[in-house]
Every structure is written in structure tokens, then in C-alpha cells.
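Have a look at this prediction, sequence included:
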Amino acid sequence: MARQKKTRKQADHFAFELFKNSLNSIADEMALTIHRTAYSSVVKGSMDYSTAICDASGRMIVQGLCLPLHLGSIPAALAAVLRHYGNDLKPGDVYALNDPFDGGSHLPDIFIFKPVFFDQRLIAFAATICHHTDVGGRVAGSNAADSTECYQEGLRIPPLKLYESGVANDTLLQIIEKNVRVPVLVQGDIRAQLSACHTGEAGLIELFETYGVANSLGFMNGVLDYTERLTRAAIRELPDGTYEFEDWLDDDGINVDKPVSLRVTFRKQGERLVADWTDSSLQVKGALNCTESFSKATVYIAVKCILNNDIPANEGFFRSIEIITRPGTICNALPPAATAARGLTGLRQVDCCFGALAKMVPDRVFAASDGGPACVSVGGYRANRTPFIYVDFHSGAWGGRPWADGLQGNSHVASNNSSTSIEVTEVDQPLQILAYELIQDSMGAGQFRGGASIRRDYRMREQEGTIQVRNDRCKFHPYGLYGGRAGQVGRTIYNPDSKIEYMPGKFTRTFYCNDVLRYEIAGAGGWGDPLERGPLRVLSDVRNEYVSAAAAREQYGVVVDVRSWTVNEGDTVELRRMLRERRGWTKRPFIDRGDLPREVKAPKEQEFNSELVRN
């Protein structure tokens with residue numbers, strides 16, 4: 001009898017594991033469905049979308065491929081649907097929304113949910129979110145950083161039925177069509193989301209048919225409990241204490257001389273972890289304001305990066321972390337705040353979290369990244385009056401890691417976007433890409449250097465259009481950690497080869513035929529003492545043109561002979577000795593922020609146990 005019970009228990013464990021992995025596969029298949037069927041380059045090329053499966057009460061069970069920043073957004077959006085329609089959900093219904101103050105995060109992100117029924121019983125929701133090319137508003141792309149209220153940013157959709165009992169809501173679809181500049185792209189991407197929801201529905205029904213309703217619902221609860229146990233056990237292993245960090249956005253795009261503070265405090269005790277954004281800046285005039293759900297996602301991402309990588313992303317993970325925000329701040333804005341460029345703030349919030357967590361677990365956190373995929377949008381009309389819109393999210397660089405160099409040509413860890421290809425851009429848009437390259441010496445030096453930043457030059461080929469740029473870390477350097485140097489700031493130049501005009505990080509202006517915009521994102525920070533980097537690694541960087549021979553001498557103390565491509569070992573030993581003597585370190589500094597603007601005073605950083613830092 002005991003042996004039979006043991007065998008049955010093992011069978012249940014196997015069934016649970018198979019069910020859990022099947023859920024992951026369904027969510028991923030939903031994501032692949034969107035990728036195969038989407039129309040716009042924002043979704044198909046940049047992959048700015050996500051999919052998920054939630055249970056009947058709205059708890060997220062599994063998130064599919066694509067954007068980590070949607071971790072906290074999907075449950076909040078579905079909660080809004082349930083508030084409005086919790087007693088009126090029927091087979092064949094589909095719900096849509098994008099209102100930042102009623103479940104959404106910013107207007108270009110449209111959520112679509114399909115309730116899934118099995119034997120007339122609600123069992124789950126198939127969830128999708130896509131960043132749409134345009135949802136109207138004052139600027140093509142609906143993504144301007146210099147809007148000042150949500151009414152300027154485009155069409156606001158509260159939780160509404162897109163389909164009711166399988167019948168399309170033509171009124172809503174026509175309102176969307178008449179309020180966006182490129183209806184074919186928006187409607188095509190909405191159909192891609194619907195296709196993904198149908199894929200999720202079919203997969204879930206097949207799964208419930210295989211395991212039965214009772215077992216399947218039990219397994220869904222089990223996935224959350226399993227995740228919570230893993231998360232709490234991992235948090236328990238972290239050192240107790242209070243860890244604070246402050247960083248700044250350059251400005252909000254309106255008050256260009258006023259930095260915007262982001263401050264987070266982590267409090268860890270036992271298996272309890274709290275992240276507190278209370279002391280961050282009040283909400284701003286520009287469009288960098290975040291909803292609370294988006295701020296929560298930034299914490300989930302940062303914490304997940306320092307824990308075991310086998311912990312699923314679902315409600316069980318969320319249960320283990322408390323996040324505090326204050327209404328009316330940039331981390332939890334109130335209407336009518338503009339939110340279109342909130343992605344930039346969220347990515348900087350992730351780096352802010354990493355700054356605090358680097359004090360908690362120094363050997364698990366990398367230095368500051370480029371500041372997040374900055375955005376360039378170009379819109380207008382061709383000679384035949386047909387509209388065009390181009391939205392490009394730049395993939396940049398990661399900070400140096402305690403075990404390896406930072407990645408480059410790679411999106412921020414929180415976004416997972418991809419840059420739009422040059423060939424697709426030049427075929428679809430009246431633009432010519434003149435340069436797309438890594439920038440030498442842009443990264444922060446370190447034992448493990450930061451990733452190099454990227455330069456991209458655009459030439460306008462149509463008569464004129466409107467260009468909107470959303471960039472940051474043009475004043476505040478990406479920080480280096482534990483002896484690593486800060487990365488170089490970003491910049492934007494209008495007509496770099498003729499009438500040179502240096503632009504602010506965030507702006508909207510007319511883009512005339514044959515004018516050129518040069519866009520450079522910031523270089524990532526370094527990790528560890530540059531004088532401890534292996535000379536042969538420095539030589540390799542010089543040969544690959546990531547680092548100049550001059551920077552090799554000045555920052556790494558390595559003397560490279562560029563004629564024979566060798567390191568002068570004797571001169572290198574002596575130079576490094578002189579550089580160490582000149583700087584006079586008694587221990588590695590925790591952080592290098594580079595040159596701060598005059599209006600900002602560097603916070604006094606607390607002391608840390610240098611024995612925790614890998615040598």
C-alpha cells in the first residue's frame with residue numbers, strides 16, 4: 001500500500017511538471033503567433049509585445065516570450081476588466097483597453113483579453129499586449145516625451161468589449177480606425193493579438209481535456225504556490241538590511257534644466273523584501289510619468305535578475321515582494337498626467353534598483369546600462385498624401401558584469417526589444433540609414449568593461465515630416481561599480497556634417513528632406529578596477545576598435561604597439577604602478593557617476609564589505 005501511494009505521488013509530480021511546461025509552451029506559442037501575423041515593424045521587428053495566461057480570478061500563471069517590463073502590467077489591466085465586467089463574462093467575449101488610469105500603462109500599449117471557457121465554466125484568460133505604431137494624438141507614433149497631459153497623447157480606450165459573444169464591436173473598431181494615422185498597421189496588429197488569444201484558448205482547452213478540470217485548476221494553483229516557495233527560499237538567502245540608491249533622469253522634456261529624481265529603498269528581513277519608491281520625484285509635466293503597475297514591474301525584473309533563473313514569472317513571484325509607491329509621484333502618476341514616454345523612466349528605475357541591489361549582493365549585479373532603448377519616431381505624408389510612421393527602439397549596451405564584459409548591440413535587460421533592420425526601414429519608409437555602428441571609447445572602463453554605445457544616422461527622403469526623439473543619460477553618465485568607470489553620455493546631433501545643431505535629449509521638430517539626424521546612446525558603465533583587466537583582453541579591444549590605443553594607456557594602463565599588435569609588458573607594468581600610486585585608492589570605490597551636473601549633489605554612499613566583491 002505504501003509503495004502504491006509513493007508511485008501515485010510520483011505520478012502526480014510528473015503530471016504537474018508536464019502541465020507546467022505545457023502552459024509555458026502555450027504562452028510562447030501565443031507570442032510566436034503575434035510575431036508571425038503582425039503587420040508593424042514595432043511589433044514584428046522590435047518585438048514590443050507580450051503574451052500571458054491568467055486564471056479565472058485574474059492571477060497571471062505564466063508569461064510568454066518578449067518583454068519583461070510587461071510583468072506587472074498584465075495583471076493590473078485584467079483586474080480593470082474584471083472590475084467592469086466581472087459578472088458579465090461570456091464565451092466569445094474579447095476585451096480591450098489602453099487607458100493608463102484604468103488598467104493600462106501608456107496609450108500605445110493596447111491590451112486584449114479573451115476569457116476561456118470549458119464546459120461553460122470560466123477557466124482562464126488568454127492575454128496579449130502590443131505596442132501599436134500609432135494611437136493618434138499630437139505627434140505621429142503617439143510616443144512624444146514633451147506632451148503635458150494624457151489628452152494630447154491619443155485615443156484612450158477604457159475596458160470595453162471588442163467582441164461580444166463572438167460578434168465584433170464595429171463601433172469601437174471604427175473609432176480606432178478613424179483616430180489613428182495608419183489604420184492598416186493598427187488593425188493588422190489587433191488581428192495578430194486576436195489570433196494569439198485564439199491560439200491560447202485552443203491550447204488551454206486541449207490541456208483541460210487531457211488532465212480534467214479539477215486536476216488542471218489544482219495544477220494552476222500549484223504553479224503559483226511552487227513559485228512562491230522558490231522565491232521566498234531565494235529571498236531568505238539574501239543578506240538582511242536596508243539598501244538605498246538614487247539616480248536622476250536628465251529632465252522631463254519640458255523643464256530641461258531640472259533633473260528628475262528616482263530613489264528606491266530596499267528593506268530585506270528574512271523572506272520579506274520591500275521596495276519603496278516613496279521619495280522619488282513628484283509627477284512631472286512631461287510624458288515620463290509611470291503607472292503603479294509599471295513601477296512594480298521594474299522591481300520584479302531587477303529582483304528576478306539576482307535570484308535563481310529557474311523561478312517562473314507569475315503571481316507566486318509577485319506575492320513575495322511588497323512594492324510601495326506614493327500617488328502623485330513619477331512612479332504612480334495621477335490623471336491627467338502624460339505617460340507616453342514612461343518606458344524610459346521604467347528602464348531607468350530598473351538601473352536604480354540595480355544600484356541598490358549592488359550593495360546587497362555585489363557579485364550578482366552589473367553596472368549601469370545605456371539607459372534603455374531610446375526611441376526615434378518619424379511621421380508624415382508622402383507626395384500622394386498617404387501617411388507613413390517609423391518607430392525605432394535602439395538596442396544599446398549592458399554594464400560590465402562581475403564575471404564578464406557588458407553586452408553591446410543588445411537591448412536593455414528589462415525591455416528585450418530589437419532594433420529595426422536597415423533593409424526593412426529603407427524599403428518601408430522614406431528614410432536612409434547612413435550609419436549604424438558601435439562608438440569607440442564610449443563604454444566605461446573596468447576589469448570587465450561596459451558595452452559600447454551605438455550611433456545611427458537617419459536621412460529624410462520625403463519632403464518633410466515630424467521627428468520625435470526620446471533619449472536620456474545625456475547629462476547623467478551610466479554609473480560604474482566597484483572601481484569601474486562611468487560610461488559616456490548620449491547625444492543627438494542635427495545635420496552633423498553641415499549645419500551642426502546639438503539637440504536636447506527629448507524633442508519634437510520638423511524633419512526636412514535631406515536633413516540628417518545623428519543619434520548616439522550612452523555607453524554602459526564598467527565593473528571592477530580597470531588596472532586589473534588582462535593586458536591581452538585590452539589588446540583585443542584595441543584591435544577590434546572598441547578601445548583606442550590612447551584609452552588603453554590612460555584608462556587601463558596598457559601600452560599597445562599598434563604596428564606589431566603586441567603589448568609592451570615592461571612599460572605596462574610600470575605605467576600601472578604609476579597609475580595606482582597616483583589615484584591612491586585604499587579600497588575600490590563603490591560607484592563612479594562621472595561628472596554630475598552642477599545642480600545635483602552626489603549622495604553619500606554607505607560603506608560595504610569589500611570582501612564580498614569578487615577580485
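Yes, it's here.

residues in contact with F101?
Applying Cβ atoms under 8 Å, 6 or more residues apart in numbering, we find F101 in contact with C150, T291, L334, P335. For every residue, glycine as well, the C-beta is placed using N, CA and C.

so who does the third one touch?
So the one you mean is L334. Applying Cβ under 8 Å, 6+ apart, the residues near L334 are F101, Q283, P327, G328.

For T325, see how far away it is.
L334 sits 11 Å away from T325, going by Cβ to Cβ, to the nearest Å.

ok so, going back, so which of the contacts of F101 is the most crowded?
T291 (27 neighbours; other Cβ atoms under 10 Å).

pretty sure that one contacts P100?
Yes - using Cβ atoms under 8 Å as the test, T291 is close enough to P100 to be in contact (5.3 Å).

In a strand, G371, correct?
No - assigned with DSSP: H, G, I helix; E, B strand; the rest coil, G371 falls outside any strand and is coil.

That one and Q349: what is the separation?
With Cβ to Cβ as the criterion, G371 and Q349 are 11 Å apart.

Same question for I123.
35 Å.

which one of these two has more residues nearby?
Using other Cβ under 10 Å as the criterion, I123 and Q349 rank with Q349 on top: 31 against 20.

what about the one helix or strand that one maps to, average pLDDT?
Assigned by DSSP states H and E, Q349 falls within helix 342-360. Average pLDDT, helix 342-360: 96.

Tell me where the stretch 1-150 of the chain has strands.
Applying DSSP state E, counting those that start in this stretch to the stretch 1-150 of the chain gives strands spanning 49-55, 60-66, 94-97, 109-118, 121-131.

Select from these the stretch with the lowest mean pLDDT.
Looking at those, the bottom one is strand 60-66 with a mean of 90.

what's that strand in contact with?
23-24, 26-32, 47-55, 70-71, 74-75, 78, 124, 127, 220, 223-224, 312-315, 318, 416.

next one: stretch 159-174
Contacts for stretch 159-174 (Cβ under 8 Å, 6+ apart): 80-81, 83-85, 90-97, 99, 102-103, 112, 157, 187, 190.

what is the rounded mean pLDDT of it?
Here the average pLDDT along stretch 159-174 is 98.

And that stretch, end to end?
16 Å (Cα to Cα, to the nearest Å).

can you check stretch 367-381 too?
Stretch 367-381: ends 42 Å apart by Cα to Cα.

in the stretch 201-350 of the chain, which segments are predicted with low confidence?
Along the stretch 201-350 of the chain, no part satisfies pLDDT under 70.

and stretch 411-418, how far apart are its ends?
7 Å.

residues near the nearest residue to Q152 once chain neighbours are set aside, how many?
Among residues not flanking Q152 along the chain, R138 sits closest, at 4.8 Å (Cβ to Cβ, 6 or more residues apart in numbering). A total of 15 residues lie near R138 under the criterion other Cβ under 10 Å.

Surely R138 is in contact with A144?
Yes - here R138 reaches A144: they are 6.9 Å apart, a contact under Cβ under 8 Å.

Pull up the overlap in contacts between these two.
Q152, E153.

about what we covered before: emit the PyMOL select command for whichever of the contacts of strand 60-66 are buried.
Per 16 or more other Cβ atoms under 10 Å, the buried members of these correspond to this PyMOL selection:
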select buried, resi 23+24+26+27+28+29+30+31+47+48+49+50+51+52+53+54+55+70+71+74+75+78+124+127+220+223+224+312+313+314+315+318+416
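
distance of the closest residue to G103 other than its chain neighbours from A31?
Counting by Cβ to Cβ, 6+ apart, G103 lies nearest to A80, which is 2.6 Å off, once chain neighbours are set aside. Relative to A31, A80 is positioned 22 Å away (Cβ to Cβ).

Could you do G218 as well?
Distance from G218 to A31, by Cβ to Cβ: 26 Å.

what does S442 give?
Distance from S442 to A31, by Cβ to Cβ: 33 Å.

Ok, F388 next?
27 Å.

Equivalent analysis for S421, please.
20 Å.

Distance from the longest helix along the chain to the middle of the chain?
Scanning the chain for the longest helix, with DSSP state H as the assignment, gives helix 2-37. Helix 2-37 sits 28 Å away from the centroid of its parent chain (Cα atoms, centre = their mean, to the nearest Å).

Equivalent analysis for stretch 486-505, please.
For stretch 486-505, the distance to the chain centre is 24 Å (Cα atoms, centre = their mean).

Start and end of that stretch, how far apart?
Start-to-end, stretch 486-505 (Cα to Cα) is 19 Å.
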